[in-house]
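[1] sharing a sequence plus its predicted fold:
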Amino acid sequence: MFGKLVKHELYASGRVMLPVSAVLVAISLLTNLAGRTLLSGRHNFSFLNLMCILVLAAFFLGIFAIGVVAVCVMIKRFRDSMLTDQGYLTNTLPVSVHALVVSRLLTAMIYFILVGLVIMLAVLLAGAGTELYQQAAAGIREVLKDEYFREVIQSAELWKMVLQLGVTGMLSMIASCLMMYLAMSIGYSSANHKGLFSFIAYFVISIATQTVVNAISLPLLRIIEDGNRLFALNFTAVILLTLAEAAIYYLGTVHMLKHKLNLA
Amino acid sequence: MGWTFEGDQPIYAQLVYQIERKIVSGIYAPGVQLPTVRAFAAETGVNPNTIQRALAELEQIGLIQTQSTSGKFVTLDADIIHDIRQMLAEEQIRKFLFAMTNMGYTATEAADLINQYTGKDDEEDEPTGMC
Amino acid sequence: MSQLECVDLVKAYGGKIALDHVNLQVPKGKIVGLLGPNGSGKTTLIKLANGLLTPNSGQILVDGKKPGKDTKAIVSYLPERTYFADWMSVEQTLRYFSDFYEDFDRTRAEQMLHQLGIENKMKIRQMSKGTREKLQLILVMSRDAQLFLLDEPIGGVDPATRDYILHTILANYNPNATIIISTHLIADVEQILDEVVFIHNGKIIEHTSVDRIREEKGMSVDAYFREVFKCSENW
C-alpha cells in the first residue's frame, strides 16, 4: 500500500516537476548557445545580443525558480490531497496516517534531490565547451594531481564531515518540509481563514523553534576545546536537534490529521 | 414497466397486489419464471428485502413456487389462479357497489347500468378497461 | 453484531453540538435512510463513521471496531464533493480504486461507465457535475464493501440522474452489506429503504422500519417526516 501511495504521489507531483525540469534543461542548452554568441564578441548591441542576454537572465531565473516551484508543488500537493476536497478520498483510504504523511514527505525529498541534480546538469550544459569551463576543467585536473590534495581526500575526517554535512542537509530539508505540513494541518483545522492561519502557524512555529534552538545551542557552544572537537560536537548537536525538530513536527502533523481534520 | 406505489400502505402489500393482478391477467403466465429479487428491485425501484417479503407472501398464498436452484415460478395450478382472480374481482365489485349505493342506486339498478354501458360500448367497439 | 453502532456519541464543533449523545444500532443487510433537515448532524455522523472526525466522547464502531485502517477497507464512502483531482482521467480513477481497494470490481465499474457513455480517457475537468457524480457513485458501488455510506447522493441532480442513482444502488445491492443513505429528499428514496433514522439537532428522534410507519400511521415516510418535524422546525 505504501508503495502505491508513493507511486501516486510521484506521478501527481511529477506532472509539474518533470516538464519544469525539462524546460530548465532546454533553457540551459539555449544558454550555452547564447553564451557562445555573446563571448564571440561579434554582434555588439544587436538584437541578437539582447536576446542572448535575456536567455542568460532566464537561465539564472530558472535555476532560482525551479527551487521555488519544487517547494510550491510540495505545499500544494499536501494541501490539495490531504486538506481539501481530495482529502475525502485520501483520508478514507485503508492506510495509516503515518503512511500518508511519509509518502508525501518522501516524494518531496525525491523531487528536491532531483531539482538539485537538474540544476547541476543545467549548469554543466550551460557552460559546456566554453572557455570558462575549459579553464575550470583544467584547474580541477591540476588539483586532482596534487599530492596534498590526494592526502586530504583519503582522510576519514574529511569524509566524515561530508557525511555529516549531507545528513544535516537532508534532515534540515525534512524538518522544513514537516514544519510546513504542520503549519498547514493547524491552519486547515479551523473552519475559516484556513490559509491565513496556516501562515500564522508557520511563523509562530518558526519563532518558537528558533527560540528553543538558541536556548539549547548557546550553552553548547561554550564547550570549546579545539577546532575539531567543536566541529564534531556542533554536528552531533545539530543533527540531534534537527532530528528532534523533525520528530516534533511529524508527530504534531499526525496528531492534527488524526484528531483535528476539518474538511469543509 | 411503470410500477407506482401509494404512500399510505406498506409497499410489500402493494407489490403483492400488483403481482397478483399481473398473474391473474396473464402478464405473468402460469409456469413462467419471475425475475430475480435483484432484477425486481431494479425494475420496481423497491428495496430487495421488501421484494422478498412480497414474494414470500405470494408463495404462502400459493401463487408462486420456489424451485431450489432455478428461482421463483408462477404456479401451474389453474384453480388457485382462478380463485385469486375471483377474489380480486369480488373486491372490485364490492368497491363499485359501495360507491353506487352511496349515490342511491340499488344493486339491481347498478347491474342494469352496467349492461346499458357495455351495450353502448359494443356498438362503439371500445374496450372497457377494468382498473 | 451491528454493522454500525453508536454509543452515547457526542461531537461538538466550535461551540455547537452536532451530535448529542447518539445511540444507534444499524443492522447488517439493510438499506437505511438517515433522514433529517440540513444541519441535523447527518454528515457529522457519517464523517465519524469514516474516521474523518473523532468523537468528543462516546463511541462509534464499525463492525465492532473503531474507525481506522481496517474499517476503511470495508467502508465505501460517497461524499457530496468531487474527491478526485480534476486532472485525473477516468482510467486513472479506476486504477486508483483498484490499487487501494481489494474489493473493487473494475470490470463491473467499466461496464456501468461505458453504458453511460463515459470513456476511460475522459478527464474529470471535462465532465459536467452530474457526470462526475455518476462516476463517483459507480466507483463506490462497484466495491464489495460491508458498509456503504452515501451522503446526499441525489441532492442537486436532475430526476433522470436521480433515478439512475437509485437504480444503481439497487442493482449493486449485496444482502450482506449495509447501505446508509443520508438525505433530506425523502419521497424520492423511500421505496428503496428498509429502515429509517430520523435525526434532528444532533439527536435521534426515531429509528423504525418503513413498513411499520406505513402500517401503523397509514402514511408515507415522507408525510410522517413532515409531521414529526413540523413542530421542531424554526422558520
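    Structure received. Numbering: from 1, shown residues only, chains lettered A, B, ... in the order given.

[2] secondary structure element holding the residue nearest the centre of chain C?
    Central residue of chain C (Cα atoms, centre = their mean): C:L150, 1.7 Å from the mean position. In this structure, C:L150 sits in strand C:147-151 according to DSSP states H and E.

[3] can I get that strand as PDB, trimmed to CA atoms?
    Written as PDB, here are the backbone C-alpha positions of strand C:147-151 (Å, rounded to 0.1, in the frame of the first residue of the first chain):
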ATOM      1  CA  LEU C 147     -20.900  -0.700   4.800                       C
ATOM      2  CA  PHE C 148     -21.800   1.900   2.200                       C
ATOM      3  CA  LEU C 149     -22.100   5.500   3.300                       C
ATOM      4  CA  LEU C 150     -23.800   7.700   0.800                       C
ATOM      5  CA  ASP C 151     -24.000  11.300   1.800                       C
END
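
[4] each with direction, which strands does it pair with?
    strand C:75-78 (parallel), strand C:178-183 (parallel) (DSSP bridges).

[5] mean confidence (pLDDT) on the last one, please.
    Regarding strand C:178-183, the rounded mean pLDDT is 94.

[6] which residues does that strand contact?
    C:3-4, C:26-36, C:42-43, C:45-46, C:49, C:146-155, C:169, C:173, C:189, C:192-193 (Cβ atoms under 8 Å, 6 or more residues apart in numbering or on different chains). C-betas here are computed from N, CA, C, even on glycine.

[7] name the nearest residue to the residue of chain C most remote from its centre, sequence neighbours excluded.
    Distance to the chain centre peaks in chain C at C:K121, reaching 27.9 Å (criterion: Cα atoms, centre = their mean). Leaving aside its sequence neighbours, C:K121 sits nearest to C:S89 (Cβ to Cβ, 6 or more residues apart in numbering or on different chains; 5.7 Å).

[8] my guess is the one you found contacts C:K123. True?
    Yes: in terms of Cβ atoms under 8 Å, C:S89 counts as a neighbour of C:K123; the distance is 5.1 Å.

[9] from the contact counts, what lies against the helix or strand of chain C with the lowest mean pLDDT?
    Sorted by mean pLDDT, DSSP states H and E, the helices and strands of chain C end with helix C:221-232, the least confident at a mean of 84. On a contact count with 3 or more Cβ pairs under 8 Å, 6 or more residues apart in numbering or on different chains; DSSP states H and E, helix C:221-232 meets strand C:31-35, helix C:186-189, strand C:195-200, helix C:210-217.

[10] so which of the ones you listed comes closest to B:A13?
    helix C:210-217 (8.4 Å; Cβ to Cβ).

[11] how about the closest one, does it reach chain B?
    Yes: with Cβ under 8 Å from any Cβ of the partner chain as the measure, helix C:210-217 is seen reaching chain B through C:V210, C:D211, C:R214, C:E215.

[12] measure the most centrally placed residue in chain A to chain B for me?
    When Cα atoms, centre = their mean is applied to chain A, the residue found nearest the centroid is A:F112 (4.4 Å). Distance, A:F112 to chain B, by Cβ to the nearest Cβ, to the nearest Å: 53 Å.

[13] got the contact list for that residue?
    A:A70, A:M74, A:M173.

[14] pLDDT (mean, whole number) over the helix or strand just after the strand holding C:L150?
    With elements assigned by DSSP H and E, the helix or strand that comes after strand C:147-151 is helix C:159-171. The average pLDDT for helix C:159-171 rounds to 88.

[15] neighbours of the closest residue to C:M141 other than its chain neighbours, how many?
    Nearest in space to C:M141, with sequence neighbours left out and distances taken as Cβ to Cβ, 6+ apart, is C:N172 at 4.3 Å. Using other Cβ atoms under 10 Å in any protein chain shown, C:N172 has 23 other residues around it.

[16] check which helix or strand residue 26 maps to.
    You didn't say which chain, so I picked chain A. Using DSSP H and E, A:A26 falls in helix A:2-39.

[17] that was the other one, I meant chain B.
    Using DSSP H and E, no helix or strand contains B:G26.
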